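**Q** when you get a sec, could you give me coordinates for this:
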Amino acid sequence: MPRDKTQNHIKIMAAARAEFLEAGFEKASMRSIADRCGMTAAGIYRHCKDKEDLFYQVVTPAHDRLMAWANAHRDRYEDSIREEACVSWNDSYIDMMREVVYPNMEDYHLLIARSKGTKYGNYLHDLTGMAQGKILEFMEELGSKNSKVKKISEAQLHLLLTAYVTALFEPVMHNYDSKEATEALETLETFFTPGWKMLFGMG
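**A** Presented below is the predicted three-dimensional model:
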């Protein structure tokens with residue numbers, strides 16, 4: 001399905017975004033989206049295969065931005081392991097929230113709070129699982145070079161990451177305003193960062 005930039009397509013995307021934000025994916029109506037943008041349902045279907053495809057068109061750019069940041073973050077740390085036994089603290093998911101997520105709160109609210117019934121329906125669980133696998137590899141390799149790295153089981157790491165990711169995205173779940181989100185992030189950084197540094201032998 002082509003992703004065009006015609007005026008009709010722009011109108012449809014804006015209407016779909018508003019409908020999904022208000023109703024969530026499962027309760028959203030293609031008829032309502034058509035009404036919002038002053039088009040027929042048939043006109044909408046010239047721009048998407050179905051409601052799910054329309055939802056993906058709305059949210060996938062935000063998902064792609066987050067994945068691009070996460071992949072670059074992983075690469076920075078993997079490069080540092082190859083170069084030195086004790087890596088420096090380059091950045092963390094705190095920075096991801098500050099740079100990518102919180103400035104685009106509505107985009108990520110759609111992904112994690114309005115996506116039930118789609119492949120993104122367990123977004124935070126999936127994000128946690130992805131991070132967990134990479135961190136276990138990272139700690140194993142780093143631990144072979146640095147005795148200060150703490151040994152932690154997969155189950156224990158899962159507990160920590162679930163708490164961390166859930167806390168980071170809580171302001172997104174509840175649509176905090178910019179000031180509230182910034183204050184929350186500062187608190188989370190103060191609480192979580194020393195613990196992660198200690199686990200990675202950086203404390």
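
**Q** what sits against the most centrally placed residue in the chain?
**A** Computing the C-alpha centroid of the chain and ranking residues by Cα atoms, centre = their mean puts residue 66 first, at 5.4 Å. Listed by Cβ atoms under 8 Å, 6 or more residues apart in numbering, the contact set of residue 66 reads 96, 100-101, 108. Any C-beta I mention is one placed from the backbone N, CA and C, and that applies to glycine too.

**Q** identify the residue nearest the most far-flung residue of the chain relative to its centre in space, chain neighbours excluded?
**A** Distance from the centre of the chain peaks at residue 40, with 33.2 Å (Cα atoms, centre = their mean). Distances taken as Cβ to Cβ, 6 or more residues apart in numbering place residue 34 nearest to residue 40, at 5.9 Å, with adjacent residues excluded.

**Q** pull out the buried positions in the strand or helix carrying that neighbour.
**A** Using DSSP states H and E, the element containing residue 34 is helix 30-37. Along helix 30-37, these residues count as buried under the neighbour rule (16 or more other Cβ atoms under 10 Å): 30, 33-34, 36-37.

**Q** and the angle from the longest helix belonging to the chain to helix 30-37?
**A** Looking across the chain with DSSP state H, the single longest helix is helix 51-83. If you take axes from the mean of the first three to the mean of the last three Cα atoms, to 10 degrees, helix 51-83 sits at 90 degrees to helix 30-37.

**Q** just the buried positions in the helix or strand following helix 51-83, please.
**A** Later in the chain than helix 51-83, the nearest helix or strand by DSSP H and E is helix 93-96. Across helix 93-96, burial judged by 16+ other Cβ under 10 Å covers 93-94, 96.

**Q** got the residues you listed as JSON lines, with distance to residue 53 columns?
**A** Below are the buried residues of helix 93-96 laid out as JSON lines (distance: Cβ to Cβ, whole Å):
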{"residue": "93", "distance to residue 53": "30"}
{"residue": "94", "distance to residue 53": "34"}
{"residue": "96", "distance to residue 53": "27"}
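
**Q** any chance of these in CSV, with distance to residue 162 and pLDDT too?
**A** CSV is the format used below for those (distance: Cβ to Cβ, whole Å; pLDDT from 0 to 100):
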residue, distance to residue 162, pLDDT
93, 13, 92
94, 16, 94
96, 17, 95
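
**Q** secondary structure element holding the residue nearest to residue 117 when sequence neighbours are not counted?
**A** Closest residue to residue 117 apart from its sequence neighbours, by Cβ to Cβ, 6+ apart: residue 26 at 4.3 Å. Using DSSP H and E, residue 26 falls within helix 7-27.

**Q** and that helix, how far out from the chain's middle?
**A** The chain centroid and the centroid of helix 7-27 are separated by 20 Å, computed with Cα atoms, centre = their mean, to the nearest Å.

**Q** contacts for that helix?
**A** Contacts of helix 7-27 (Cβ under 8 Å, 6+ apart): 3, 28-29, 32-34, 36-39, 43-44, 47-48, 51-52, 54-55, 57-58, 106, 109-110, 113-118.
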